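Colleague: sequence and predicted structure are below.
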There are 2 protein chains.
Amino acid sequence: MNMPADIPQRDAIDQALVDGVLKHQLRPLAKTITLIESQRPDHKARARSVLEGLLPHTGNSMRIGISGVPGVGKSTFIEALGLYLIEQGHKVAVLAVDPSSSVTGGSILGDKTRMELLSQNTGAFIRPSPSAGSLGGVAEKTREAMLVCEAAGFDVIIIETVGVGQSETAVAGMTDIFCLLQLPNAGDDLQAIKKGIMEIADLIVINKADINPQAANVARSQIKSALGMLRHSSPNWTPPVLMLSALQKQGVAEFWNTIEDYRSTMKRSGEFDARRRQQARAWMWELIDQGLRARFASHAAVQQDLPGLQAAVEAGQTTPSAAASRLLGHLG
Amino acid sequence: MNMPADIPQRDAIDQALVDGVLKHQLRPLAKTITLIESQRPDHKARARSVLEGLLPHTGNSMRIGISGVPGVGKSTFIEALGLYLIEQGHKVAVLAVDPSSSVTGGSILGDKTRMELLSQNTGAFIRPSPSAGSLGGVAEKTREAMLVCEAAGFDVIIIETVGVGQSETAVAGMTDIFCLLQLPNAGDDLQAIKKGIMEIADLIVINKADINPQAANVARSQIKSALGMLRHSSPNWTPPVLMLSALQKQGVAEFWNTIEDYRSTMKRSGEFDARRRQQARAWMWELIDQGLRARFASHAAVQQDLPGLQAAVEAGQTTPSAAASRLLGHLG
């Protein structure tokens, strides 16, 4: 098929970025992600052109989402997992989706010393969350950064997020498997259920299980019974509950075996590829809907009429359908 | 404020419908709803004009959503409640949202003999689900029928739906209180949790509690503990769990007292009106989004490009953002 016509010709600088990423060089990789995160319109066009050049070389990683409340030990776990995987010959990229980081100055991965050993390892690439914009914007940039990392030869991409609900849904929507870290405390599982995170998890890990094994066992059976009540989307996979101590490096190999088991089960059933296709399609339509709304909202007559009509609708003075019809009529 | 310009002048026939509805006559009421349910463009324009005439007289009812799986006794309960309310001097309209009715020929309220006494009572108006179209279309027509019933003097509107998940969300989005009927069987509550219905319920009723009071008590405490795990949206209201026997007419008065308690609590806190404003606003934006998507999909260049681009996105040959940008570019 024809490539989109609005992709500009790549100049020498951008072609050098493409070539550098494809040669697995870290500097062009970081520069490309910076270009993707930029708000400048000319940078956006350049980022799109570089991405098109990288696209044929993407898709060959295991995309892993990891979530859990602050204090659950995400950084320690990701460092232990990353070092284990590098030892096994993998290349590991760690990205983050944290919409709060523009306010707080970056709570996730902002401080690389939190993963000191991993960040110094040449087999690893760690990048904090893009900090500008809405959750949708942050997620969009992280998705594209993930593609760049894949083109740069990283075969395991870990996307970290905090346990607040909406960002979890976004991360589950861009990864192959979504893992929830839990504390062996009464109540942590209930919070995850209330926020709707438990039902989108493909794998649950009880971290710090070594501190109080008895409490961890109780937590495990509570989580198992909660999982039995919730709907899980896959007909081929029942989310397992693993015990782990990231600090003691216990259970990390078992975690990775479970991921590989998941991948082969889902690949065999066709669900792995179906999930990726569905994610790409949903992402495209989300961007189309956003674009349609933005065009609508920027229309002069709509801007003039909208506040009054919305107030009339809320006051019951006109019907939503009459208001919607009048506003849409402005588009001609 | 100015009324929307695209509302046609009402002719004599439609003015007669407006006048008849406002005089609380049942024939014009039924005719107006038939007009609303029609797919013909000229009927849609007329329906909008009649609705505008009725709007100043709407909003003065208690809007009650009632859901539950087939066999839970919804019809028996609604008949018992309706007859009780008419005895108390109320006027009761019963509508339905059943998107499956176009396939099955109308499973809900299609057979008026299911509410024989209520349907013969002049204080009641019963209307089966509109049968044409998607859930969105069915919900839209039921919302508008609800407004017509309010203008016709009905002060309690009951909207019935089946326990399948999506139609429940639609009904909760158009009513002041959403009630879930449950059987005193182990597992019925789990099904409601899995389908996401339990968490949107403002009030839970265990029907057929007389058959096995012990089982009903067990079900009640199970539901209460499940409710404790789920998030409920209101800070001012904790969903109660009532016991009831619609067949024996036990608990109907208590049900209505709870509804009145809910209404005064929510009115006092301002949440009642805020929910209605939010519902109207959400409804308007849903229609705008639908309209924007429809315009987009009917654009010739979009129709030509979309299949190829969507396939390229799914195959990872182009990015969702490049595809979305190209498609949006066609709109000029």
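Modeller: Thanks, I have the structure now. Numbering: from 1, shown residues only, chains lettered A, B, ... in the order given.
Colleague: touching chain B at all, the longest helix seen in chain A?
Modeller: As assigned by DSSP state H, the longest helix anywhere in chain A is helix A:271-298. Yes. Using CB under 8 Å from any CB of the partner chain, helix A:271-298 comes into contact with chain B via A:276-277, A:280-281, A:283-284, A:286-289, A:291-293, A:295-296. Bear in mind the C-beta positions are built from the backbone N, C-alpha and C, glycine included.
Colleague: pull out the buried residues from those residues.
Modeller: Buried by 16 or more other CB atoms under 10 Å in any protein chain shown: A:276-277, A:280-281, A:283-284, A:286-288, A:291-292, A:295-296, out of those.
Colleague: list, one by one, the residues from the stretch 151-300 of chain A near chain B.
Modeller: Counting by CB under 8 Å from any CB, the residues of the stretch 151-300 of chain A close to chain B are A:190, A:193-196, A:226, A:229-231, A:276-277, A:280-281, A:283-284, A:286-289, A:291-293, A:295-296.
Colleague: CA atoms of the helix or strand harbouring A:Ile223 as PDB?
Modeller: A:Ile223 belongs to helix A:213-229 when assigned by DSSP states H and E. Provided in PDB are the C-alpha atoms of helix A:213-229 (Å, rounded to 0.1, in the frame of the first residue of the first chain):
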ATOM      1  CA  PRO A 213       5.400 -15.600  54.700                       C
ATOM      2  CA  GLN A 214       2.200 -16.200  56.700                       C
ATOM      3  CA  ALA A 215       0.700 -12.900  55.800                       C
ATOM      4  CA  ALA A 216       1.700 -13.400  52.200                       C
ATOM      5  CA  ASN A 217      -0.100 -16.700  52.100                       C
ATOM      6  CA  VAL A 218      -3.300 -15.100  53.400                       C
ATOM      7  CA  ALA A 219      -2.900 -12.300  50.800                       C
ATOM      8  CA  ARG A 220      -2.500 -14.900  48.100                       C
ATOM      9  CA  SER A 221      -5.700 -16.800  48.900                       C
ATOM     10  CA  GLN A 222      -7.600 -13.500  49.300                       C
ATOM     11  CA  ILE A 223      -6.400 -12.400  45.900                       C
ATOM     12  CA  LYS A 224      -7.200 -15.800  44.300                       C
ATOM     13  CA  SER A 225     -10.800 -15.600  45.600                       C
ATOM     14  CA  ALA A 226     -11.100 -12.000  44.400                       C
ATOM     15  CA  LEU A 227      -9.800 -13.000  41.000                       C
ATOM     16  CA  GLY A 228     -12.500 -15.700  40.900                       C
ATOM     17  CA  MET A 229     -15.100 -13.000  41.200                       C
END
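Colleague: next, the buried residues of that helix.
Modeller: Of all the residues in helix A:213-229, those buried under the rule 16+ other CB under 10 Å are A:215-216, A:219-220, A:222-223, A:226-227, A:229.
Colleague: what's the average pLDDT for it?
Modeller: The average pLDDT for helix A:213-229 rounds to 85.
Colleague: what of stretch A:62-75?
Modeller: Averaged over stretch A:62-75, pLDDT sits at 91.
Colleague: does that stretch reach chain B?
Modeller: No. Residues of stretch A:62-75 contacting chain B under CB under 8 Å from any CB: none, with a closest distance of 12.6 Å.
Colleague: what comes up buried for that stretch?
Modeller: In stretch A:62-75, counting by 16+ other CB under 10 Å, buried: A:62-69, A:72-75.
Colleague: contact partners for A:Pro13?
Modeller: For the record, residue A:13 is Ile, not Pro. Not one residue lies near A:Ile13 by CB atoms under 8 Å, 6 or more residues apart in numbering or on different chains.
Colleague: helix/strand/coil for it?
Modeller: helix (DSSP: H, G, I helix; E, B strand; the rest coil).
Colleague: go on, A:Leu190?
Modeller: Going by three-state DSSP: A:Leu190 is helix.
Colleague: in the stretch 101-250 of chain A, which spans are strands?
Modeller: Secondary structure of the stretch 101-250 of chain A (DSSP state E, counting those that start in this stretch): strands at A:124-126, A:156-162, A:177-182, A:203-206, A:241-243.
Colleague: hmm, who's touching the second one?
Modeller: Around strand A:156-162, the neighbours that count as contacts under CB under 8 Å, 6+ apart are A:61-70, A:74, A:78, A:81-82, A:85, A:90-98, A:100, A:107-109, A:142, A:146, A:149-150, A:167-168, A:170-171, A:174-175.
Colleague: any idea how far A:Asp273 is from A:Met62?
Modeller: From A:Met62 across to A:Asp273, the span is 13 Å (CB to CB, to the nearest Å).
Colleague: quick check: neighbours shared by those two?
Modeller: What both A:Met62 and A:Asp273 touch, as defined by CB under 8 Å, 6+ apart, is an empty set.
Colleague: for A:Lys31, list the residues it contacts.
Modeller: Residues near A:Lys31 by CB under 8 Å, 6+ apart: A:Leu17.
Colleague: other SSEs contacting the helix holding A:Ile223?
Modeller: helix A:188-194, strand A:203-206, strand A:241-243, helix B:188-194 (3 or more CB pairs under 8 Å, 6 or more residues apart in numbering or on different chains; DSSP states H and E).
Colleague: for the strands of the stretch 101-250 of chain A, give me CSV that also has mean neighbour count.
Modeller: What follows is the strands of the stretch 101-250 of chain A, written out as CSV (neighbours: other CB atoms under 10 Å in any protein chain shown):
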stretch, mean neighbour count
strand A:124-126, 24
strand A:156-162, 25
strand A:177-182, 26
strand A:203-206, 24
strand A:241-243, 19
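Colleague: so which of those strands is nearest B:Ala324?
Modeller: strand A:156-162 (21.6 Å; CB to CB).
Colleague: that closest one pairs with which strands?
Modeller: If you go by DSSP bridges, strand A:156-162 pairs up with strand A:62-68 (parallel), strand A:92-97 (parallel).
Colleague: using PDB, write out every CA atom in the last one.
Modeller: In PDB, the C-alpha atoms belonging to strand A:92-97 read as follows (Å, rounded to 0.1, in the frame of the first residue of the first chain):
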ATOM      1  CA  VAL A  92      15.900  -4.400  28.500                       C
ATOM      2  CA  ALA A  93      14.300  -1.000  28.200                       C
ATOM      3  CA  VAL A  94      12.400   0.500  31.100                       C
ATOM      4  CA  LEU A  95       9.800   3.300  30.300                       C
ATOM      5  CA  ALA A  96       7.200   4.900  32.400                       C
ATOM      6  CA  VAL A  97       3.700   6.400  32.200                       C
END
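Colleague: and that strand, how far out from the chain's middle?
Modeller: In this view, strand A:92-97 has its centroid 9 Å away from the chain centroid, taken as CA atoms, centre = their mean, to the nearest Å.
Colleague: ok, of the buried residues of helix A:213-229, which one's closest to chain B?
Modeller: Lowest distance from chain B to the buried residues of helix A:213-229 (CB to the nearest CB) belongs to A:Met229, with 5.4 Å.
Colleague: can you check the pLDDT for A:Pro240?
Modeller: 94.
Colleague: now for it: which residues touch it?
Modeller: By CB under 8 Å, 6+ apart, A:Pro240 lies in contact with A:203-204, A:258.
Colleague: distance of it relative to A:Lys224?
Modeller: 9 Å.
Colleague: could you do A:Ala201 as well?
Modeller: Computed as CB to CB, the A:Ala201 to A:Lys224 distance reads 12 Å.
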